[in-house]
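A.B. asks: Predicted model follows, preceded by the sequence.
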Amino acid sequence: MSNIIGTMYLIDEPHIDVLKSNLASTPPPGKGVATGTMLCMDMDESDNMLELWFPDHTQKATILCPPPIAMYKEIDGDQEGFIEEYYRYLDYDDSVQDFLASMLLYLHIGGHILLYTPSHLEDDAIWLNTLVLFFYTRYGITIGTGASDPFRYDERYDVQIANFIYERGFMDVFDFINSSANPFPPFTVQEKLYTDLLPLCQPGDSPLDMYQLMVNSLLQDGAPIYKAAITFDR
């Protein structure tokens with residue numbers, strides 16, 4: 001099963017009526033329910049009416065806009081410098097990384113994102129092209145822009161996305177195992193697995209050995225791993 005079952009579309013200001021129609025006909029996320037819901041992530045840095053019209057559907061997402069240091073590069077005509085600084089911001093800023101992990105989690109559990117921009121897509125803005133390319137290269141996500149350019153996801157990124165969401169603390173260990181089934185997780189993920197699985201181990205048992213047993217069971221039987229009913233105090 002794919003790790004991304006929701007969708008994400010980019011909608012610009014000339015098509016705001018399409019956005020409003022979709023939000024009006026689809027429930028917002030709420031109280032633990034996300035599958036089949038819709039969220040507007042508003043990248044407009046100025047005030048608009050979206051949060052007033054759809055308060056339960058709308059979340060500000062200006063954190064995804066380029067930082068000032070990147071914008072200075074664009075003003076100076078340094079396109080390569082702009083892309084480099086924007087990518088560095090998206091890749092390494094902790095707040096941005098947490099925001100991206102929450103977006104991916106929402107898509108993972110079946111939510112649908114409408115990413116709103118006041119920029120016109122036909123203007124071919126460099127920052128929007130860079131953001132779209134970022135999602136494609138980092139997460140295998142092709143953000144849709146309409147019926148002729150639909151949302152697509154490359155399932156070869158399943159393990160990478162599960163690692164990222166779990167490592168940022170937005171996914172519990174059992175959902176992670178079921179979503180990745182990766183016998184060789186990166187070291188940073190192993191550290192978190194050790195901490196999360198330690199309470200499930202009897203004294204002397206290795207949390208990472210337990211992880212391998214769970215993954216092998218999942219790969220052999222195909223049955224999901226469920227949360228343990230018993231934990232051991234340390």
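C.D. replies: In hand now; what should we look at? Residues are numbered from 1 along each chain as shown.

A.B. asks: what packs against the helix or strand bottoming out on mean pLDDT in the chain?
C.D. replies: Lowest on mean pLDDT, DSSP states H and E among the helices and strands of the chain sits helix 207-221, with a mean of 89. Applying 3 or more Cβ pairs under 8 Å, 6 or more residues apart in numbering; DSSP states H and E, we find helix 207-221 packed against helix 173-180, helix 187-197. Just so you know, the C-beta spots here come from the backbone N, C-alpha and C atoms, and that holds for glycine as well.

A.B. asks: and if we set it to 6 Å?
C.D. replies: With contacts defined as 3 or more Cβ pairs under 6 Å, 6 or more residues apart in numbering; DSSP states H and E, helix 207-221 has these neighbours: helix 187-197.

A.B. asks: So which residues make contact with the helix it packs on?
C.D. replies: Contact with helix 187-197 is made by 163, 167, 173, 207, 210, 211, as judged by Cβ atoms under 6 Å, 6 or more residues apart in numbering.

A.B. asks: Buried residues, that helix. List them.
C.D. replies: Residues 189, 192, 193, 196, 197 are the ones in helix 187-197 that count as buried (16 or more other Cβ atoms under 10 Å).

A.B. asks: Which one of those residues is nearest to residue 141?
C.D. replies: Closest approach to residue 141 among these (Cβ to Cβ): residue 189, at 20.7 Å.

A.B. asks: which residue sits closest to residue 102 in space, ignoring its chain neighbours?
C.D. replies: residue 170 (6.0 Å; Cβ to Cβ, 6 or more residues apart in numbering).

A.B. asks: Please apply the same query to residue 146.
C.D. replies: residue 9 (7.7 Å).

A.B. asks: elements contacting the helix or strand that contains that neighbour?
C.D. replies: Residue 9 belongs to strand 7-12 when elements are defined using DSSP states H and E. Using 3+ Cβ pairs under 6 Å, 6+ apart, the elements in contact with strand 7-12 are strand 112-117.

A.B. asks: Lovely, talk soon.
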